[in-house]
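K.L.:
Predicted model follows, preceded by the sequence.
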Amino acid sequence: MTTVVKMTPMLQQYLEIKGQFEDAILFYRMGDFYEMFFDDAITAAKVLGITLTSRSSKDDENRIPMCGVPFHSASGYLAKLIAAGHRVAICEQTEDPAAAKGIVKREVVRVLSPGVVTDSQVLDDRSNNYICALARPAKAPVYGLSFVDVSTGQCLVGEVEDPSSDGSLVLDQLTRLAPAEILLDEAETETLADLKRAITAMLPGVCFTERHSRCFSPHAATELLHEHFNVVTLDGFGCGALTSGIAAAAVIIEYVGETQKAAINHIEKLTPLDLSSYLQIDDASRRNLELTQTIIGGKREGSLLSVLDQTCTPMGARLLKHNLLFPLQELESIISRLNAVDFLYQHRDIREQLRALLSRIYDIERLNSRIMLGTCNGRDLLALRDSVVSLPDCVALLNRCAGEKFTAIAAAFDPLVDIRALLESAIHPEAPVSLREGNLIREGFNAELDELIRIQRDGRQLILSLEAKEREQSGVPKLKIGFNKVFGYYIEVSRVNLDKVPDHYIRKQTLVNAERFITPELKEFEGKVLGAEERRLELEYHLFCALRSDLAAMSERILATARALAEIDFLCSLAETARNHAYHRPLIDESDVIHIREGRHPVIERGMPTGRFVPNDILLDQEGQEVLIITGPNMAGKSTILRQTALIVLMAQMGSFVPADYARIGIVDRIFTRVGAMDDLRRGQSTFMVEMSETANILNNATSRSLVILDEIGRGTSTYDGLSIAWAVAEELAGKDDKGVKTLFATHYHELIDLALTQERVKNYSVAVREWNDSIIFLHKLIEGGTNKSYGIQVAGLAGVPAHVIQRAEEILKNIEQSEFDREGDPYIARTSKPKRGRRKTHPNQLPLFQPSPDQVREFIQRLSVDDLTPRQAMEALYTLKGLCSLKESN
Ligand SMILES: Nc1ncnc2c1ncn2[C@@H]1O[C@H](COP(=O)(O)OP(=O)(O)OP(=O)(O)O)[C@@H](O)[C@H]1O
């Protein structure tokens, strides 16, 4: 870098600092601007849409790319850069430029990255913003996972044992909380490369940050966490037995401390994430069921979350989303939640009053974090003040709620009366965003400040009287006293009156129509007033910082109340949704039964006029109803029934009422779905490959307590292969663990209906349609018994496929149905010439699909008319029998 030598001291300083933050865009403070140089400037100008200029170095040939943003509006630009996945290092002037000898000292005061932002402009207030660390200290298949939301102080710690070669289990847990940033051990760059690729495919835009291996040492981790939480053991958090999880948590705490350069005491505890205590639901299933976003477009609207979320506060919204992603498995906890929802459902008056109060409460969880990080401003404290006003009324209502859940919430709830009094007395009701402009602190809060305010206020009066006096003494009626930043206070006299100006006036400035003067008396006055103003700004700033520290010391109470409010909001929201959409309380037990009467799909029904959605019953039990094969035409509603069953189970286990007249849900340990294949290409696998790996996952991991939803497996390959796989999979699920797995299996392979003949746990159902003229009417009703009609061609017609194509398809279908083809009579050329009649033939290389039953063999023999057989036919019959028997043996 020959140019460096020729650079100005300022640029040298810039490069020195930049060298320490190479992976970040450096916001280099120069006066009222943050400037960026070199590649940073090129990147930022593009992302921010601002002009890229250049600055000359000493050597004019080497002009340096440069761009800048004003300091006072930096947050919007920062938000844009972070949202685009960049890291930004904020470098401030750390000494007064006026006092500086030579180049002003500068230092990076914060590094912002997608995982550590707390700015409301960047964050979605209804979702958590997690930074995650993945630790594998022993390189064992146990991954330590920790998730921290710096904006709320939540810190989750868990471990996942994942012996799979592709890390699919850890991937499921990682993507569940969709972190914005992931910290990885730099020594694992290669070993985790595949996992990293898979994460990027599922969480586009996620930012990876590599940390030194030293940070991942479990021993150092424990020490760091002991120090951070000021404890001698982590047992109190229920994390004593974790090692890699602890390492992961420590990596984040260290990183956040380092980048925020502030005490991060608002991360005040570790919350163990015992993944086995929640209903497991893998990433594919979460997507397929559209829990938090739609498959197409990734929108919240149209997801289950959008229907359930009637929360009034951002804290409640985040909790609801979290609980939706982590439905429970423990009976008592589910019932406790359901009792609370039930109470609020029954007591409309309390629910409505609580919701009205909650609507007036701001995001005090995030406000608290900003207080702790020292980034809150006057407006934030006004929001806190306005929020705490409602708390005593909340307590009164809470005391009217019966049930252990409410008792627990009330115990944690603090009405924060003292904080309200403090804020009401301290914060100026019109406090601005800036901390340096004054008007932060209310009069009456601090005696010294009051005195300065009085001087300033009196000063105005003094000016008016001084002006009047000068007018009188000089005889210039339009004489004015004014102020500007260059000369301070001055007396202005218009040109026509200049002859009346007294001798002691000292001329300072000449304008076109006037002259400006000062007097010793005016200067003395100025010293007093301006000094007061400066002192006032300084004092207000210090008082504000002190107030912020006082509040930070009370953070534990604020946070406990914020979380209690979130819980109330969550419960009220479920009760409100239940009321609005006619949901009913499910019966939860530990049986092996799922029995739903008049169940509906919570999202699809919302898109239809009331009463248009056709409810359906589902019974899954171990009394011969374990695997339901659901057949029926395209568009009949098979997928809808499958999905609504999974959603109803999930809702019940999160403690929600369900869209059904009656639901008995035996607690489920995992929900598996094999539904669509929307994201196949993103994961770099073929549709069929994804389908099969999802199927393998189900067969390897489903237990008799799981619920499996299979929507047409085997579609991605040839009919015979697909049908065989579908058949074998259904058979396996019906017989797994000698118990079977509760399975809903929608299929267009009508041959699967025959499974029920041999498998006692399999039952056939179909979705009814009514034929009408040449078309069909969808009844959307699930009825007992299978169907072998697809009406695919009619549906194609309804979908607008041209009439002549439909007609041709009908011809072909007729040919196939009449078995009018053999190897010579290809149905696809049967349009003009009538095909030869022939026996339907099995492909020479394709074995007959299914095992012959003893009945079939017997029937074959009975149908043989032995006396009528030619010797050749007899031979053939013998071969057929032999073939049937050897097939049976090989099976
Ligand atoms: N119970 C119902 N009541 C009213 N409308 C329904 C119902 N079930 C499904 N529908 C409507 O029918 C459409 C198709 O449903 P669905 O996708 O479940 O059919 P399908 O049988 O799985 O079709 P395919 O076999 O083609 O995948 C839905 O988008 C919805 O508009």
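P.N.:
Nice, thanks for sending it over.
K.L.:
Of all the residues in the stretch 601-750 of the chain, which one is nearest the ligand?
P.N.:
Proximity of the stretch 601-750 of the chain to the ligand (CB to the nearest ligand atom) peaks at Gly637, 2.8 Å away. C-betas here are computed from N, CA, C, even on glycine.
K.L.:
repeat for the stretch 1-150 of the chain
P.N.:
Per CB to the nearest ligand atom, Arg126 is where the stretch 1-150 of the chain lies closest to the ligand, at 26.9 Å.
K.L.:
Who are the contact partners of the closest residue to that residue other than its chain neighbours?
P.N.:
Distances taken as CB to CB, 6 or more residues apart in numbering put Ala317 closest to Arg126, at 3.8 Å, once the chain neighbours are dropped. The contact partners of Ala317, taken as CB atoms under 8 Å, 6 or more residues apart in numbering, are Asp125, Arg126, Ser127, Asp309, Thr311, Asp569.
K.L.:
do the same with Leu344
P.N.:
Taking CB under 8 Å, 6+ apart, we find Leu344 in contact with Ile350, Arg351, Leu354, Cys401, Leu571, Cys572, Leu574, Ala575.
K.L.:
so which of those residues comes closest to the ligand?
P.N.:
When the contacts of Leu344 are compared against the ligand (criterion: CB to the nearest ligand atom), the nearest one is Leu574, at 23.5 Å.
K.L.:
elements contacting the strand or helix carrying that closest one?
P.N.:
Using DSSP states H and E, Leu574 sits in helix 555-580. In terms of contacts (3 or more CB pairs under 8 Å, 6 or more residues apart in numbering; DSSP states H and E), helix 555-580 is packed against helix 304-308, helix 314-325, helix 331-346, helix 348-358, helix 364-373, helix 391-398, helix 404-412.
K.L.:
For Glu223, find the nearest of those helices.
P.N.:
helix 364-373 (22.7 Å; CB to CB).
K.L.:
Compare the contacts of Leu344 and tell me which has the most neighbours.
P.N.:
Using other CB atoms under 10 Å as the neighbour criterion, Leu571 leads the contacts of Leu344 with 32 neighbours.
K.L.:
What is the end-to-end distance of stretch 611-628?
P.N.:
The first residue of stretch 611-628 is 26 Å away from its last residue (CA to CA, to the nearest Å).
K.L.:
chain center to that stretch: distance?
P.N.:
Put simply, stretch 611-628 sits 32 Å off its chain's centre (CA atoms, centre = their mean, to the nearest Å).
K.L.:
now swap in stretch 703-713 and tell me
P.N.:
That offset, for stretch 703-713, works out to 26 Å (CA atoms, centre = their mean).
K.L.:
Which positions within it qualify as buried?
P.N.:
Applying a neighbour-count criterion of 16 or more other CB atoms under 10 Å, one finds Arg705, Ser706, Leu707, Val708, Ile709, Leu710, Asp711, Glu712, Ile713 buried in stretch 703-713.
K.L.:
before we move on, what about stretch 765-782?
P.N.:
Tyr765, Ser766, Val767, Ala768, Val769, Ile776, Phe778, His780, Lys781, Leu782.
K.L.:
Three-state assignment for Ile82, please.
P.N.:
Secondary structure, DSSP: H, G, I helix; E, B strand; the rest coil: Ile82 is helix.
K.L.:
Do I have it right that it meets Ser113?
P.N.:
Yes: taking CB atoms under 8 Å as the definition, Ile82 is a contact partner of Ser113 at 7.1 Å.
K.L.:
Looking at these two now, which is surrounded by more residues?
P.N.:
A direct count of neighbours by other CB under 10 Å for Ile82 and Ser113 places Ile82 higher, at 24 against 21.
K.L.:
Can you check what angle separates the longest helix seen in the chain from helix 555-580?
P.N.:
Longest helix in the chain, counting residues (DSSP state H): helix 520-553. Relative orientation of helix 520-553 and helix 555-580, computed by axes from the mean of the first three to the mean of the last three CA atoms, to 10 degrees: 70 degrees.
K.L.:
what's helix 520-553 packed up against?
P.N.:
Secondary-structure packing of helix 520-553 (3+ CB pairs under 8 Å, 6+ apart): helix 364-373, helix 378-388, helix 417-426, helix 447-474, strand 488-494.
K.L.:
Domains in the chain, by residue range?
P.N.:
Using automatic domain parsing, the domains assigned to the chain come out as 2-112, 131-277, 309-416+554-580, 447-548, 587-790, 802-845, 854-890.
K.L.:
tell me the mean pLDDT for the last one?
P.N.:
Average pLDDT, domain 854-890: 70.
K.L.:
picking up where we left off before, got a list of what the residue of the stretch 601-750 of the chain closest to the ligand touches?
P.N.:
Contacts for Gly637 (CB under 8 Å, 6+ apart) come out as Val614, Asn616, Val767, Phe778, His780, Leu782.
K.L.:
restrict those to those near the ligand?
P.N.:
Val614, His780 (CB under 6 Å from any ligand atom).
K.L.:
Turn the contacts of Gly637 into CSV, including secondary structure and distance to Thr53.
P.N.:
Compiled in CSV, the contacts of Gly637 are given as follows (DSSP: H, G, I helix; E, B strand; the rest coil; distance: CB to CB, whole Å):
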residue, secondary structure, distance to Thr53
Val614, coil, 65
Asn616, strand, 66
Val767, strand, 66
Phe778, strand, 64
His780, strand, 64
Leu782, strand, 68
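K.L.:
rank the domains of the chain by pLDDT, which is bottom?
P.N.:
Lowest mean pLDDT within these: domain 802-845, at a mean of 52.
K.L.:
Could you report the distance from Lys269 to the ligand?
P.N.:
In this view, Lys269 and the ligand are 45 Å apart by CB to the nearest ligand atom, to the nearest Å.
K.L.:
need the contact list for that residue.
P.N.:
Counting by CB under 8 Å, 6+ apart, Lys269 makes contact with Cys155, Phe229, Phe237.
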